[in-house]
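1. what would the 3D arrangement of this be:
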Amino acid sequence: MKKFNTLLISTLILIVIMGVISINAGQIKIPFMDVFATLFGNGTAQNELTIFQFRLPRIILAILVGAGVAVSGAILQGISQNPLADPGILGINSGAGLAVVLYMFFFQGTSFFNGSIAIFIMPFTALVGAFFAAFLIYVLSWKNGRVTPVRLLLVGIGINAAFGSGLIIFQMKMEPLNFMKAIIWLSGTIWGTNWTFVWALLPWLILLIPIAIYKSRVLDILRLSDPIAIGVGVRIERERRLLLLISVALAGACVSVGGGITFLGLIAPHITRRLIGANHAKVLPLTAVLGALLLLSADTIGRVIMAPVELPVGIVVSILGAPYFIYLLIKNV
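-> Coordinates of the predicted model:
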């Protein structure tokens, strides 16, 4: 417990430090002393506008999306007993992305990106696609009364490719401006730079992450054999479906504002388990803060590495995560 508390507090401190660094990352450079003065209400009008209306919402969104995607990946790995499970790799993100692109295509992309009501509809739109993808993966992976880890992975990769093709078809029919917006968004980018996006996403995480932590004991039991789980009174299929719904809902809500961020849900849980073991009561909270730190760091790197051009955060995460995924694939399959 002492190690867990130390790691949790240390990671939270690193998030604060990275947040301060991220505030100063961008085309408009704000000296650190001016940043602190602005945060305490003594800054200029320009600095207040830049920090409070653009950079601070983006930082908080990066933290929320990182936490949600990481916990979603940890749950998927727990219920599937598959160390390669990730909402991006298994096609859940692409399902959510396809639903959002369909919304953009049929209801005009400008209303999607600018309408305040549409912002709150986004998570529901993404959830429809995410749940549809999860349903297909679950049904097609079912064989001889159970879902095997390898079959789940392969079916997920196939669903991901199929939805990816659908995305390309509808993108090619979009107006050039909406097409570019969709491309950037699907690459994974924290594009919602206002507080409305924060309020649209925050309730999902406040509701779902505590439920997932409450169910951590079930995730620990599911790591055992099915007969043992049944013997201790766990209704396996019901609990798996509930946890799958939580994971998909988290992924869908995060995709709605963060785009297609892949590999974060794979990396963060693995790092956490290497640090503190497989007890999900500790894994899930630490995975959430670690995912938040990783995505915030990746977003900051993406804004400065090729300045003034911004590199989508999803690409930065993929550059880091793809080699690790290949290593795990070779090790486990």
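2. show me where the stretch 1-150 of the chain dips below the pLDDT cut-off.
-> Residues of the stretch 1-150 of the chain meeting the criterion pLDDT under 70: 26, 107-120, 122, 145-150.
3. one more time with 50
-> 109-113 (pLDDT under 50).
4. hey, where'd the helices end up in it?
-> Applying DSSP state H, counting those that start in this stretch to the stretch 1-150 of the chain gives helices spanning 2-23, 32-39, 45-50, 56-80, 92-107, 109-114, 116-141, 149-172.
5. burial count for the residue lying closest to residue 310 once chain neighbours are set aside?
-> Counting by CB to CB, 6 or more residues apart in numbering, residue 310 lies nearest to residue 303, which is 5.3 Å off, once chain neighbours are set aside. Bear in mind the C-beta positions are built from the backbone N, C-alpha and C, glycine included. By the criterion of other CB atoms under 10 Å, residue 303 has 22 neighbours.
6. strands of the stretch 151-300 of the chain, start to end?
-> With DSSP state E, counting those that start in this stretch as the criterion, the stretch 151-300 of the chain has no strands.
7. local confidence estimate at the residue nearest to residue 310?
-> Residue 303 carries a pLDDT value of 81.
8. closest to residue 194 out of the helices of the stretch 1-150 of the chain?
-> Minimum separation from residue 194 across the helices of the stretch 1-150 of the chain (CB to CB) falls at helix 56-80, 5.5 Å.
9. contacting residues around the residue most central in space within the chain?
-> The C-alpha lying nearest the average C-alpha coordinate of the chain belongs to residue 69 (CA atoms, centre = their mean; 2.5 Å). By CB atoms under 8 Å, 6 or more residues apart in numbering, the residues touching residue 69 are 87, 250, 251, 254, 258, 261, 264, 265, 291, 295.
10. also residue 30?
-> 23, 24, 38, 47, 50, 51.
11. could you identify the buried members of those residues?
-> By neighbour count, with 16 or more other CB atoms under 10 Å, those hold 23, 24, 38, 47, 50, 51 as buried.
12. now the residues you listed as JSON lines including distance to residue 179?
-> Converted to JSON lines, the buried ones among the contacts of residue 30 look like this (distance: CB to CB, whole Å):
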{"residue": "23", "distance to residue 179": "32"}
{"residue": "24", "distance to residue 179": "33"}
{"residue": "38", "distance to residue 179": "37"}
{"residue": "47", "distance to residue 179": "35"}
{"residue": "50", "distance to residue 179": "29"}
{"residue": "51", "distance to residue 179": "32"}
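13. now stretch 254-262: mean pLDDT?
-> Per-residue pLDDT over stretch 254-262 has a mean of 79.
14. before we move on, back to that, okay, buried residues for the helix or strand hosting the residue nearest to residue 310 please.
-> Applying DSSP states H and E as the criterion places residue 303 in helix 280-304. For helix 280-304, burial by neighbour count (16+ other CB under 10 Å) applies to 280, 282-303.
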